[in-house]
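Asks: pasted the sequence and its predicted model underneath.
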Amino acid sequence: MRVGDRTFFSGFLAGLRASRAQAAEAVSQLADGKRVRRASDDPSGAQATMLLRARLARVQAYDRAGQAARADLATIDRVLGEAIALVSEARAEGLAGASFPFGEANAIHAQRIEAIRAQLLALANTAQSGRYLFAGTATQAAPFAADGTYNGDEAEVQVPLDDGQSVGATLVGRRVFSEATDLFAKLDELAQALRDNRTQDAAAVLPELQQALERLVEVRADVGLRLRALEEAELRRADEAELWMRRIAEVEDAELERVVTDLQLATTASEALARAAARVLGRSLFDVLG
Amino acid sequence: MSLFSYFQLGLKAMHAARVSLQVAGDNIAHIGTPGYARRRVELVPSYPVRVPGGWLDQGADVAAVRRMEDRFLQAALERELGRRAGAEERLRALQAVERLYGTLESNNLGAALSAFAAAFEELAGQPENFALRRTALSAAETLARTIRDTYARLQEQRQREDQAVEAAVARVRELALELARLNREIAAHEADGTTAGPVRDQRQRIVEELAEWTGGTAVAEAGGRVSFALPGGPTLVSGDAALPLAVERDANGLERVRSGADGTDITARVRQGRLGALLAARDEILGERLEELDRLAEDLTVRVNAVVTAAFDRSGNPGAALFVPDPPTQPSHAARIAVNAALLADPALLAVSATGAPGDGAAAREVAEVVREPSAALGGRDPIGFVADSLTRLGSAIVETDVVHGVAEELVAALQARRDAVSGVSLDEEAVELIRQQRAFEAAARFLGVMNEITAMAVNLGR
């Protein structure tokens, strides 16, 4: 085929442009370490990373909610521990009073039991970050009145563990302090029996206090399980987040060795092309005219 | 033959060499001129004379200065130029739209949807927390603003494409008028049977540019004229007459393209060349994105509001809508989506409780689920998947168009190389031609010198 000068120039120019574009792409990938920046760089990969990012955001939201719930449940656990100690103390006071029917001493026992009741009431009305922890979902008002009446509701604030699973971050105070045994009423009853030197009546309250104590231990164990479930979910989420981030990186990140090789190839091709062009176009019949 | 006729013969030879040298010089001068087809001098023997023993030529005459071209190759090149220009314009438009959505890392719309869902998810665990209520409202505001901004940017881009359509039609009009004028000029110049090379070169450039704009091709007519029509019609130039396209603004403020022949609306038919790509970018690529965004905004507004208006605020009162139209008169959902100002002023009014209890965040979780639940209005996709699908389709279209453009680019290069094989100037060839014609001129001059000496000797014989 007859080859005109324009064909020569166009060919060289197209070749140079292609190697320059390849070099520019390699430099750009080296600059930010990304192979896929927009959907057009890898449509299916881009779709996958967009969905993975949404999952990652969800996992991170679960994580933040889980951390807040862990703080609430840790406080509940501490409160329940204190409540168990107080009820044990109240039971010991009751037992001492019921065993030794001396009026003056029993008045002191009754006084101590009343103080314990007040402390227990304060614990049952514990609030953290503006939330009453034993009020169910009616978290904005103290769940227990001074006479021990429960004013909270019967549902718990739910925090997601994973998709479809959740855990209560608050407790229904009625179930903790007054469902099987009305702890506040029983403490009132015990204190009054001791104050009146009715040791038999006082002794009759003690098994019920024991029941309340067992209930508190049971609830505390349940809270412990919830905390464990949250910790395990947190670990799972950390693994999941790492997996999603790794997959995103696998799709989006550039392979440095390949990019450097591509850059080297593009630079070499560009230089070779320029030399070839200089050699071919540098020779002309016009040099011998004259 | 007389001695003097030899002078005539020498002169003719010198003339032929001089014209050939001039043509070679002209070819060299036009090495970079677009549309220029190299010329060759066509020499024919002069009318022969009878001499004793036979016939003798009287030298060479310049019969024509031929313009070297291949009409069929040229037509193929015109078609491919239209395809390449169309693909190039489509690629530019698609990439411009993709840039409006940001990079994958900072994908504003996808990120805003994810952040919105995450904020409500977090709020669901602590619905009485004011800071989280503010965060959720702020995420809702960011989402609404991102949808509005993306919609506005897409509309601006559509406006720019529309302006480009207007400019393109004006240019096509100009070119059609110019082509008709050159047709008339060529017909007038070539009435004596010669070839008006420079005017044909000029017309070739016009035809190629028209092909790039419209994807049409030129068809040779009688008298050296060409006609030019868009693929599938209408005709833009027929002989000496131009029937240029016209534009007219429709009720939506967009330019409609009308045929110059009968004034019919051909907007939907023009899909080739640069003009076709501009119309497709405006009406299909951008139109589709705007419609999708509008659908997304409407779906989010309807579903989120359905959840929150059935829920209760922090005080246990029935909930107010989260997304409200602002301004309400704006017909597009995507252009008017905004967060209820009353909620922004008092986050306690945000209704996320399904039961009315302040610690119940079930409705917040339902709001978060809206972003992840499939919706019939979004073709069975959830909003995040819908956005991801849309961007993936855009990305695939870019990849596909890039391939089409690359193929067209290579075909154009191959056709141009083949055309250059016929019409292109080769400096080496011209150098050889210069040497050849220089020698021919020298030989003719020498011949004349010899003849001069012979004539002088003949004259001296009589003394």
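Replies: Good, I have the coordinates. Numbering: from 1, shown residues only, chains lettered A, B, ... in the order given.

Asks: please name the residues that touch the residue nearest to residue B:263 when sequence neighbours are not counted.
Replies: Residue nearest to residue B:263 in three dimensions, not counting chain neighbours: residue B:246, with 7.5 Å by CB to CB, 6 or more residues apart in numbering or on different chains. For glycine as for every other residue, the C-beta is placed from the backbone atoms N, C-alpha and C. If you count contacts by CB atoms under 8 Å, 6 or more residues apart in numbering or on different chains, residue B:246 has them with B:169, B:173, B:257-258, B:260, B:263.

Asks: by mean pLDDT, which helix or strand of chain A comes out lowest?
Replies: Every helix and strand in chain A was compared by mean pLDDT, DSSP states H and E; the lowest is strand A:158-162, with a mean of 84.

Asks: what's the helix or strand where residue A:112 lies packed up against?
Replies: Using DSSP states H and E, residue A:112 sits within helix A:103-124. The contact analysis (3 or more CB pairs under 8 Å, 6 or more residues apart in numbering or on different chains; DSSP states H and E) places helix A:103-124 against helix A:43-99, helix A:183-195.

Asks: as a markdown table, the ones you listed with mean pLDDT would be great.
Replies: Converted to a markdown table, the helices and strands packed on helix A:103-124 look like this (pLDDT from 0 to 100):
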| stretch | mean pLDDT |
| --- | --- |
| helix A:43-99 | 92 |
| helix A:183-195 | 93 |
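
Asks: which of the ones you listed sits most buried?
Replies: helix A:183-195 (a mean of 23; mean count of other CB atoms under 10 Å in any protein chain shown).

Asks: quick one: it to helix A:43-99, angle?
Replies: Going by axes from the mean of the first three to the mean of the last three CA atoms, to 10 degrees, helix A:183-195 is angled at 10 degrees with respect to helix A:43-99.

Asks: mind listing what's buried in the helix holding residue A:112?
Replies: Buried residues in helix A:103-124, counted by 16 or more other CB atoms under 10 Å in any protein chain shown: A:106-107, A:109-110, A:112-114, A:116-117, A:119-121, A:123-124.

Asks: state the mean pLDDT of the helix or strand following that helix.
Replies: Next along the chain after helix A:103-124, taking DSSP H and E as the criterion, comes strand A:127-128. What strand A:127-128 shows for mean pLDDT is 94.

Asks: confidence score at the residue lying closest to residue B:100 once chain neighbours are set aside?
Replies: Leaving aside its sequence neighbours, residue B:100 sits nearest to residue B:153 (CB to CB, 6+ apart; 4.8 Å). pLDDT recorded at residue B:153 is 95.

Asks: ok so, going back, bridging residues for the residue nearest to residue B:263?
Replies: Bridge pairing for residue B:246 (DSSP bridges) gives the partners residue B:258.

Asks: and the residue sitting nearest the centre point of chain A, how far from residue A:57?
Replies: In chain A, the centroid-proximal residue (CA atoms, centre = their mean) is residue A:63; its distance is 1.7 Å. Residue A:63 sits 10 Å away from residue A:57, going by CB to CB, to the nearest Å.

Asks: what's the closest of the buried residues of helix A:103-124 to residue B:218?
Replies: Among the buried residues of helix A:103-124, residue A:124 lies closest to residue B:218 (CB to CB), at 93.4 Å.

Asks: so where is the chain shaky, pLDDT-wise?
Replies: With no chain named, the answer covers chain A. In the predicted model of chain A, residues A:101-103, A:163, A:288-290 satisfy pLDDT under 70.

Asks: you answered for a different chain; I wanted chain B.
Replies: For chain B, applying pLDDT under 70 flags the ranges B:1, B:3, B:107, B:462-463.

Asks: so where do the helices sit in the stretch 151-290 of chain A?
Replies: Counting by DSSP state H, counting those that start in this stretch, the stretch 151-290 of chain A has helices at residues A:173, A:183-195, A:199-252, A:256-282.

Asks: these: which one's closest to chain B?
Replies: Within the helices of the stretch 151-290 of chain A, the stretch nearest chain B is helix A:199-252; the backing value is 6.6 Å (CB to the nearest CB).

Asks: name the helices or strands packed onto that closest one?
Replies: Taking 3+ CB pairs under 8 Å, 6+ apart as contact, the helices and strands that helix A:199-252 lies on are helix A:43-99, strand A:158-162, strand A:165-168, helix A:183-195.

Asks: could you dump these into TSV with distance to residue A:257 added?
Replies: Formatted as TSV, those follow (distance: least, CB to CB, whole Å):
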stretch	distance to residue A:257
helix A:43-99	19
strand A:158-162	38
strand A:165-168	43
helix A:183-195	69
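
Asks: just want the most central residue of chain B.
Replies: Centroid check for chain B by CA atoms, centre = their mean gives residue B:274 as the closest residue, at 2.8 Å.

Asks: please report how far the closest residue to residue B:255 other than its chain neighbours lies from residue B:172.
Replies: Leaving aside its sequence neighbours, residue B:255 sits nearest to residue B:247 (CB to CB, 6+ apart; 4.4 Å). Distance, residue B:247 to residue B:172, using CB to CB: 10 Å.

Asks: do residue B:131 as well
Replies: Distance, residue B:131 to residue B:172, using CB to CB: 60 Å.

Asks: before we move on, what about residue B:386?
Replies: Taking CB to CB, one finds residue B:386 at 38 Å from residue B:172.

Asks: more neighbours: those two, which one.
Replies: residue B:172 (26 against 22; other CB atoms under 10 Å in any protein chain shown).

Asks: what residues sit buried inside the helix or strand where residue B:291 lies?
Replies: Residue B:291 belongs to helix B:286-309 when assigned by DSSP H and E. Within helix B:286-309, the residues scored as buried using 16+ other CB under 10 Å are B:286, B:289-290, B:292-301, B:303-305, B:307-308.

Asks: next SSE after it?
Replies: Trace forward from helix B:286-309 with DSSP H and E and the next one is strand B:323-325.

Asks: give me the angle between the top helix by length along chain B and helix B:286-309.
Replies: The helix that spans the most residues within chain B, counting by DSSP state H, is helix B:130-189. Here the directions of helix B:130-189 and helix B:286-309 differ by 160 degrees (the same axes, to 10 degrees).

Asks: so how far is helix B:130-189 off the chain centroid?
Replies: Averaged C-alpha coordinates place helix B:130-189 at 14 Å from its chain's average position (CA atoms, centre = their mean, to the nearest Å).

Asks: any common contacting residues for residue B:247 and residue B:172?
Replies: Counting by CB under 8 Å, 6+ apart, nothing touches both residue B:247 and residue B:172.

Asks: chain center to whichever strand or helix holds residue B:213: distance?
Replies: Residue B:213 belongs to helix B:197-214 when assigned by DSSP H and E. The chain centre lies 16 Å from the centre of helix B:197-214; the measure is CA atoms, centre = their mean.

Asks: what angle separates that helix from helix B:130-189?
Replies: Going by the same axes, to 10 degrees, helix B:197-214 makes 150 degrees with helix B:130-189.

Asks: report the buried residues of helix B:197-214.
Replies: B:197, B:199-214.
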